[in-house]
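Visitor: take a look and give me a structure for this.
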Amino acid sequence: MQEHKSPIPYGRQQITDEDINEVIRVLKTDYLTQGPEIEAFEQAFAAYVGSKFAVAVSNGTAALHLCALALEVKEGSKVITTPLTFAASGNCILYCGGEVVFADIDPETWLIDIEHVKELLHATPEGTYQGIIPVDFTGRPVNLEAFRKLADEHGLWIIEDACHAPGGWFLNSEEKRSHCGSGKYADLAIFSFHPVKHIAAGEGGMITTDNPELYKKLLSLRTHGIIKDDDRYLNSPNIADGRFTQDKDVIQKFYPGWYMEMQDLGYNYRLTDFQAALGRSQLLRADEGLNRRKEIAKRYDEAFKDEHWLIRQAGFIDGHAYHLYVVEVEDRKELYDYLRLNKIFAQIHYIPLHLMPYYRNLGWKPGDLPNVEKYYSSCISLPLYPSLSDEQQLFVIETIRSFYDK
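Guide: As a prediction, the model looks like this:
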């Protein structure tokens, strides 16, 4: 096996000259933030996933937090999610004073197990839970049609964490493609533009929805809870004008041009215009990147399908967005170290959230969720990103084989 000189990470961004030129273009304009690039990116992204509305924000965590705020999560709210996710999927509920309850994963799909969710709902009085946050882990879409039916039966909302899955889809009961974040089944969906994601903007996030009232709420919450809309103001025009009088003859019949209102306690979760321009530029070749990810996944599938050391691989799925390529293997720790010695920087996704010290202090413990704990003992994410060359992937494959053949 020939030594490979350049490090191979598990994921990385791909920045083109077109991306750079778009950022430079915006840097030369009058707006670096709160300008026209934001709405242009939002409209393009909504069209890409098939939603009616999109709201750009500073990162995926901010997107989750705003979703929880818009859905009025508060002290006493209990929300179900998966432990196999990045911390933000659960933490967003804690930010609002709510309580996170974890459902175990389906060992075949590694996604939140709807049967376990049903058990949690049926084991408690109606109204105990307020919502569900399914996660499209690795880029494999959750069957949201089934979750929507369950949620409607129990009066629950759904936030789809689709950070791994722009461009992903599943077939619904009508045998039609339902795209991640489309707004058809989830009340809200969120995406991330972190560098290792499909669309890289440095940082950044997007919320998509078909609900016009939630859309308006999100626009306000991302900017300190402030609105600028004559039809929605709560103060009377005379207060807005600074006259503070109830004399009807003095009250103006319009709001002055400078006026705005803070109606909720929001946050500064805005995206910059140059990040939006970078994201929109990347969006133009999103399908190209997705197709390349699928090619790489197919090649891994074929290379490893008959290996004795392989405990499990997901197998190719057409609607999968392939943010990650995960396999379960024997001797995971030893393989991980061996790959690093050969400059292949595989990663582990994820340490189950309920085993983190913070959540253990809330009462969770080893043994509570056996499927995800078993998965964690053997999972490893192999390099997967559009600029991974065939030569680099072959080196990864041969290095893994050399470890198990030695």
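Visitor: could you use CA atoms for every contact and neighbour count after this?
Guide: OK.
Visitor: tell me the contacts of residue 186?
Guide: By Cα atoms under 8 Å, 6 or more residues apart in numbering, the contact set of residue 186 is 144, 148, 157-160, 209.
Visitor: reformat these as TSV; add distance to residue 14, neighbour count and pLDDT.
Guide: Below are the contacts of residue 186 laid out as TSV (distance: Cα to Cα, whole Å; neighbours: other Cα atoms under 10 Å; pLDDT from 0 to 100):
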residue	distance to residue 14	neighbour count	pLDDT
144	31	22	98
148	35	20	98
157	36	21	98
158	32	24	98
159	29	26	98
160	26	28	98
209	28	26	98
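Visitor: just the pLDDT for residue 248.
Guide: Residue 248 is assigned a predicted lDDT (pLDDT) of 62.
Visitor: likewise residue 3?
Guide: In this model, residue 3 carries a pLDDT of 58.
Visitor: swap in residue 240?
Guide: Predicted confidence (pLDDT) for residue 240: 82.
Visitor: just use 37 as the starting number from now, easier for me
Guide: Sure, I'll start counting at 37 from here, so that last one is residue 276.
Visitor: need the contact list for it.
Guide: Going by Cα under 8 Å, 6+ apart, the list of residues near residue 276 reads 291-292, 295.
Visitor: name the member of those with the most neighbours.
Guide: Within the contacts of residue 276, neighbour counts (other Cα atoms under 10 Å) peak at residue 291, which reaches 18 neighbours.
Visitor: wait, what's in contact with that one?
Guide: Going by Cα under 8 Å, 6+ apart, residue 291 touches 266, 273, 276-277.
Visitor: now, of these, which are buried?
Guide: 273, 276-277 (16 or more other Cα atoms under 10 Å).
Visitor: closest one to residue 41 out of the residues you listed, please.
Guide: Nearest to residue 41 among the buried ones among the contacts of residue 291: residue 276, at 65.6 Å, using Cα to Cα.
Visitor: how close does that closest one get to residue 126?
Guide: Taking Cα to Cα, to the nearest Å as the measure, residue 276 falls 40 Å from residue 126.
Visitor: could you measure from residue 290 over to residue 362?
Guide: To residue 362, residue 290 is 59 Å away according to Cα to Cα.
Visitor: list phi and psi for the residue most central in space within the chain.
Guide: Centroid check for the chain by Cα atoms, centre = their mean gives residue 199 as the closest residue, at 2.3 Å. Note on residue 199: its backbone torsions stand at phi -60, psi -30 [degrees, to the nearest 10].
Visitor: so who does it touch?
Guide: By Cα under 8 Å, 6+ apart, the contact set of residue 199 is 96, 172, 175, 226-228, 233.
Visitor: which pLDDT value belongs to it?
Guide: At residue 199, the model reports a pLDDT of 98.
Visitor: any idea how far residue 210 is from it?
Guide: Taken as Cα to Cα, the span from residue 199 to residue 210 is 26 Å.
Visitor: what do you get for residue 108?
Guide: Distance of residue 108 to residue 210, computed by Cα to Cα: 33 Å.
Visitor: between these two, which has more neighbouring residues?
Guide: residue 108 (13 against 7).
Visitor: can you verify the more buried one is assigned to a strand?
Guide: No: under DSSP: H, G, I helix; E, B strand; the rest coil, residue 108 sits outside any strand and is assigned coil.
Visitor: pLDDT below threshold where in this protein?
Guide: 37-40, 280-289 (pLDDT under 70).
Visitor: and the helices in it?
Guide: Counting by DSSP state H, the chain has helices at residues 53-63, 72-85, 96-106, 124-131, 150-158, 180-190, 248-257, 273-276, 309-319, 322-340, 368-377, 393-396, 406-412, 426-441.
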